[in-house]
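1. with the input below, show me the fold.
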Amino acid sequence: MILYMGGLGKSREEAVIIRGALDEIEGVNSEYNWLEQNFGEENLEWEMLGQELIDEGDRQYDILRIKFLNGEVKEFWFDITEFYGE
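-> Model prediction:
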């Protein structure tokens, strides 16, 4: 069972912490699921612009950049430490 903890993903300090993913595939899918739960369906309400991995040694983060229909671009931070490398 995937659990979302932490913040709203607006920064490293407010990263969405993903718990319970068995591997990287499930973990990355859970990032997209979180975005869809909060902002609607991908390619209808928003589109993915890019993804970046930040490895800080003891913590790993994915930053997902999305563009909304109104043209607004935002990035969301996910703490992927628990499933990174699995």
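2. state the distance from the residue in the chain sticking out farthest from the centre to residue 45.
-> Centroid-distance maximum for the chain: residue 70 at 20.8 Å, with Cα atoms, centre = their mean. Noted for residue 70: a distance of 10 Å to residue 45, by Cβ to Cβ, to the nearest Å. C-betas here are computed from N, CA, C, even on glycine.
3. the residue farthest from the centre of the chain: what secondary structure?
-> Put simply, residue 70 is coil when judged by DSSP: H, G, I helix; E, B strand; the rest coil.
4. if I look at it, how far off is residue 46?
-> 10 Å.
5. what's the average pLDDT for stretch 69-86?
-> Here stretch 69-86 scores 94 as its mean pLDDT.
6. quick one: residues in contact with the one helix or strand residue 78 maps to.
-> Counting by DSSP states H and E, the element that carries residue 78 is strand 73-79. Applying Cβ atoms under 8 Å, 6 or more residues apart in numbering, the contact partners of strand 73-79 are 6, 9-12, 14-18, 31, 34-35, 49, 59-68.
7. how about stretch 8-26?
-> 1-7, 27, 30-31, 34, 54, 61, 76-80, 82-86.
8. now with 7 Å?
-> For stretch 8-26, contacts defined as Cβ atoms under 7 Å, 6 or more residues apart in numbering pick out 1-7, 27, 30-31, 34, 61, 76-80, 82-84, 86.
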